[in-house]
Every structure is written in structure tokens, then in C-alpha cells.
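Novice: build the 3D model from these lines:
(4 chains)
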There are 2 protein chains.
Amino acid sequence: MPDEGQLEIQEAREKILATATDLFAKQGYDSTSLSQVAREAKVSKALIFWHFDSKDELYRSALRRTLEPYFINVNELTGLGEREQVERLIDQFYDFIHTNVYSVRFFLSLTLRVEQSPDEGLSRVLELYRSFRNSLADIIDSGRRRGVFCSDVDASREAGLIMAALGGILIQQFMSDPSSNEPAALIEHLKQTLFQRLTANGAEGTHAGRPE
Amino acid sequence: MPDEGQLEIQEAREKILATATDLFAKQGYDSTSLSQVAREAKVSKALIFWHFDSKDELYRSALRRTLEPYFINVNELTGLGEREQVERLIDQFYDFIHTNVYSVRFFLSLTLRVEQSPDEGLSRVLELYRSFRNSLADIIDSGRRRGVFCSDVDASREAGLIMAALGGILIQQFMSDPSSNEPAALIEHLKQTLFQRLTANGAEGTHAGRPE
DNA sequence: GTCTATATACAGATAGAC
DNA sequence: GTCTATCTGTATATAGAC
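Specialist: Down below sits the predicted model:
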């Protein structure tokens, strides 16, 4: 078994990958040169090419690594009520954003590029986003059918609006100084108004009756 | 008056500026080379340097030009009621986004860069965003004081949530194929639920009374 | 004002010694 | 595996003719 020896000697590759992941996330693909990666990882450019065939492959590896923590997020919402499940999901989203600020910023800026590349990694993120949205819709609809929420609730639209608000709170954090409009308060307000609406069984009954 | 002759001869400069504005908006700063600008504007690279001292100055000029349409947006909401004013503002925002997709995308990606440059143009956009948010808050608060909206409405938070939703709807358009979740429906739903909440005078009175 | 030609720097990538 | 040295392309920017 002569292979055992090379298991942990790959610290250089690790260093390169970590540095590249960081720089790509912070600066984007074009603005990050392999010279810079080599300099900050304290290796030679040639070594980068020994481990990764091209800048593109290095980028893809970095993407894959950035993406990893995105999949622990499978929701274990066992015996909770619908309202608690929705709250839990919203909090999970918010927490996730905060522990992954850099990569979220990364993927968001990827989304904005007009490049034609379908970008395997990016599509996984979008897929994740949609599945998150669908989970919300399912839970809300389940609550509607079980009578926990109003009968006239459009689960799909509610989920869409929640996602929009969450996404908007996200970019607000990128735009303003983090101190300004504290997103935690917005999240609270979002939840508060959401359930106020979902459970507003009194009022005028089918009060939302406008000419659709 | 020997100066009059040179008034419209600067079509080359115009061409350069227009091309650069377009390319910067579509591809960003780094991915746009002056060679490309020169090629597409059908001038020589040297001419670009005659008109603009550096790539950076060209970029700033392009930014300024991109920014221009952002200021016609002064709201003329004369004799409208508060509800109509809010609706009008939301629609204005939405329309504006749609007629300026490219530059909005541009500024959004600018926001995401970690570059240290305060970027004169970008700060104007942020300022605009805040003033828009403040207008919303003012109108809502005015409506609250005049009894059009509930007395327990927190105008600032409502405005923040509206802006978050609008921003979220915006990035949803960048993320998904434009056909998927049609933002127009989301805007409708936003408005509907918003006013449902702002004018929900019946229900349980100070129903929102949770331990703050 | 507009061009051609060129200087200079740095990008991604390769060859080959150790 | 890691390095130095080098190739090749292209970037920003300048010099100087017209």
C-alpha cells in the first residue's frame, strides 16, 4: 500500500484552493489573477497549474467548495405546527445568510453576470432557492388545509412574497452600512405581519375580494 | 467666435462614451477592455486616450451618463390620497426597474464589489434608494396621522419592508427565467396585503400587541 | 482630432531542473 | 510536488506623424 503516504501531504493544494476560494468570492473571477493567488498562498504560479489544469478548473473547484455548506440545510421540522415551521424556515434562511455572507455575495454577483455560462454551481444554488420557496409554499398550504391559516390564502404567492422580502433584506445589507436598518427588526416585522395576515380569520371574511 | 465650429464635431467622443457605457453595464469594469471599446466604437485606442485620460476616467464618465435617467424620477404626487401615493410610488419603482434593467443590474453588481472605492455614482444611487424609502415612510406616516391608516402603524418599518420586497422582486427577476414567477403578480400581492394590513382597523384592535 | 506604431506591464500557461 | 525561467497573448498607455 504505497499510497497511504500521500494523504495529508497535499497541504499546498489546500492552501491554493482556500486562497482562491476567498479571492474569487471577494473579487470575482476576472479581477483575481493567478499571480495574486500564488502570492497570497505563498506558492509559485506553476504549482497552481500542476494541481489545477487551468484557471477555469481552479475556479470550478473553488465554487464546489463554496457550495458545500449549502446542503447541510435540509430542514428537520418534525412535529412542529405550520406556523412554527414557517418561522423556523425564515430564521434558518436568515442565519444561513449571515454565516455565509461572502459566498452569498459571491453567488449573487455571479447571478448578475451576463456571461452565457450556465455554471453548474450557480444552478445548484438557484435550485436550492426554489426548493426553499416550495417548502414554504407546501407548509403554508398544509396549514391552510388544516384550518390553521385562512382558507383564502394563496400559498404560492405568499411563499413568493416571503422569498422576495428575504432576498430584499439580504441586498439591503449589502447596500447600506450594516448598522442602518437592522435586518433583524425587518425579519421580525415580516413574520409579525405575515401571520397577522395568514390567521386574520375575523375582519370582513373574504375581505380580499377585489376584481381579479 | 471661432468656437462654434467644434460643437457637433465631437461625435467620436459620443460614440466612445455610448459604447463604453453599454459595455461597462453589460460586462463590468474588468471584463471590458479599451481595445474592445475601440473596436466596437470603430475608433483607435489612442483616440480614447485623447478624449479620456485613463480607463478609470472613461468609466466614471460612463457611470455619470448611466446615472442621468435616475433623476427624472422626482415624484409629482399632487392631490392624491395616501394610499394612491404609495401605490403610485411602488408602480414607479417597478416601472423604473424595467426600463433600466441593464443599469440596475450594473449598479447592483457594483454594490457587491468589495472594492474600497466609494464610487461617486454608486453613492448617488444609494442616496436615491434611501430617499425613496423615506418618501414612502413619510406618506405612510401622514396617512396614519390623518386617520387613513391604522394608528398603530410603524411607518418606518413598513417602508423598510416594502423596499425589501421590491428589492427582492428585483433580484428574483435576475435569478429566474423571466417567465417563472411573474413579478407583476408579486407586486399586486404586495400592494394588496400591504393595504389590507394598513387599513385593518377592525379585527382585534391593537392586535399586534406582542411583548416588544 | 485622428491615426499607426510602440513601450511597458502583466495575464495565463508551459518546460524542465530538482 | 515544487520550483525558476520563459513563452505568448493582450492589457493600458504614450509618441509622434498627419
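
Novice: for chain A, what spans make up the helices?
Specialist: Assigned by DSSP state H, chain A shows helices spanning A:11-27, A:34-41, A:45-51, A:55-67, A:82-99, A:101-112, A:120-145, A:155-175, A:183-198.

Novice: okay if I get those helices as a markdown table plus distance to DNA strand C and mean neighbour count?
Specialist: To be clear about C-beta, it is placed using only N, CA and C from the backbone, and glycine gets the same treatment. Output for those, formatted as a markdown table (distance: least, Cβ to the nearest atom of the strand, whole Å; neighbours: other Cβ atoms under 10 Å in any protein chain shown):
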| stretch | distance to DNA strand C | mean neighbour count |
| --- | --- | --- |
| helix A:11-27 | 10 | 18 |
| helix A:34-41 | 3 | 17 |
| helix A:45-51 | 4 | 15 |
| helix A:55-67 | 4 | 18 |
| helix A:82-99 | 29 | 16 |
| helix A:101-112 | 17 | 20 |
| helix A:120-145 | 18 | 17 |
| helix A:155-175 | 25 | 23 |
| helix A:183-198 | 35 | 18 |
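
Novice: dump those helices to a markdown table, plus distance to chain B.
Specialist: As requested, the helices of chain A are exported to a markdown table (distance: least, Cβ to the nearest Cβ, whole Å):
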| stretch | distance to chain B |
| --- | --- |
| helix A:11-27 | 5 |
| helix A:34-41 | 13 |
| helix A:45-51 | 19 |
| helix A:55-67 | 14 |
| helix A:82-99 | 12 |
| helix A:101-112 | 4 |
| helix A:120-145 | 6 |
| helix A:155-175 | 3 |
| helix A:183-198 | 5 |
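
Novice: give me every residue in chain A lying close to DNA strand D.
Specialist: Residues of chain A that fall close to DNA strand D, judged by Cβ under 7 Å from any atom of the strand: A:6, A:9-13, A:42-47, A:50-51.

Novice: rewinding a little: need the helices of chain A in a markdown table with mean pLDDT and distance to B:Arg60, can you?
Specialist: As requested, the helices of chain A are exported to a markdown table (pLDDT from 0 to 100; distance: least, Cβ to Cβ, whole Å):
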| stretch | mean pLDDT | distance to B:Arg60 |
| --- | --- | --- |
| helix A:11-27 | 91 | 20 |
| helix A:34-41 | 96 | 25 |
| helix A:45-51 | 96 | 33 |
| helix A:55-67 | 90 | 29 |
| helix A:82-99 | 91 | 32 |
| helix A:101-112 | 80 | 21 |
| helix A:120-145 | 88 | 30 |
| helix A:155-175 | 92 | 20 |
| helix A:183-198 | 93 | 32 |
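
Novice: burial of A:Ser151, as a residue count?
Specialist: 9 (other Cβ atoms under 10 Å in any protein chain shown).

Novice: tell me the contacts of it?
Specialist: When contacts are counted by Cβ atoms under 8 Å, 6 or more residues apart in numbering or on different chains, A:Ser151 touches A:Arg144.

Novice: gap between it and DNA strand D?
Specialist: Separation of A:Ser151 from DNA strand D (Cβ to the nearest atom of the strand, to the nearest Å): 60 Å.

Novice: got the domain ranges for chain A?
Specialist: Chain A is divided into the following domains under automatic domain parsing: A:4-65, A:74-198.

Novice: farthest-apart pair in the residues of chain A next to DNA strand D, please.
Specialist: Of all pairs drawn from those, the widest gap by Cβ to Cβ lies between A:Gln6 and A:Lys45 and measures 22.7 Å.

Novice: ok, back up a step: figure out which of the domains of chain A is closest to B:Val101.
Specialist: Short answer: domain A:74-198, nearest of the domains of chain A by Cβ to Cβ, at 10.9 Å.

Novice: my guess is A:Arg83 contacts A:Arg144. True?
Specialist: No. With contact defined as Cβ atoms under 8 Å, A:Arg83 and A:Arg144 do not form a contacting pair (11.8 Å).

Novice: name the residues contacting each of the two.
Specialist: The contact sets of A:Arg83 and A:Arg144 do not overlap (Cβ under 8 Å, 6+ apart).

Novice: circling back to that earlier point, wait, which of the helices of chain A is closest to B:Lys26?
Specialist: helix A:101-112 (10.8 Å).

Novice: so how far is the closest one from its chain's centroid?
Specialist: 9 Å (Cα atoms, centre = their mean, to the nearest Å).

Novice: remind me what that helix packs against, helices and strands.
Specialist: When contacts are defined as 3 or more Cβ pairs under 8 Å, 6 or more residues apart in numbering or on different chains; DSSP states H and E, helix A:101-112 sits against helix A:11-27, helix A:55-67, helix A:120-145, helix A:155-175, helix B:101-112, helix B:155-175.

Novice: quick one: A:Ile187 from A:Gly81, how far?
Specialist: Distance of A:Ile187 to A:Gly81, given as Cβ to Cβ, to the nearest Å: 19 Å.

Novice: swap in A:Ala18?
Specialist: Using Cβ to Cβ, one gets 42 Å for the distance from A:Ala18 to A:Gly81.

Novice: and if you look at A:Ala184?
Specialist: Remark: distance between A:Ala184 and A:Gly81 (Cβ to Cβ) = 23 Å.

Novice: next one: A:Arg13
Specialist: Separation of A:Arg13 from A:Gly81 (Cβ to Cβ) stands at 48 Å.

Novice: before we move on, what about A:Tyr70?
Specialist: To A:Gly81, A:Tyr70 is 27 Å away according to Cβ to Cβ.

Novice: which one of those two has more residues nearby?
Specialist: A direct count of neighbours by other Cβ under 10 Å for A:Tyr70 and A:Gly81 places A:Tyr70 higher, at 16 against 13.

Novice: that one contacts A:Glu127, correct?
Specialist: No. If you go by Cβ under 8 Å, A:Tyr70 and A:Glu127 don't touch, sitting 10.2 Å apart.

Novice: report the spatially nearest residue to A:Ala185, omitting neighbours in sequence.
Specialist: Here the nearest residue to A:Ala185 in space, its sequence neighbours aside, is B:Arg157; by Cβ to Cβ, 6 or more residues apart in numbering or on different chains that works out to 6.8 Å.

Novice: what's near enough to touch the one you found?
Specialist: B:Arg157 neighbours (Cβ under 8 Å, 6+ apart): A:Ala185, A:Leu186, A:His189.

Novice: could the domains of chain A go into a markdown table alongside distance to B:Gln172?
Specialist: What follows is the domains of chain A, written out as a markdown table (distance: least, Cβ to Cβ, whole Å):
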| stretch | distance to B:Gln172 |
| --- | --- |
| domain A:4-65 | 22 |
| domain A:74-198 | 6 |
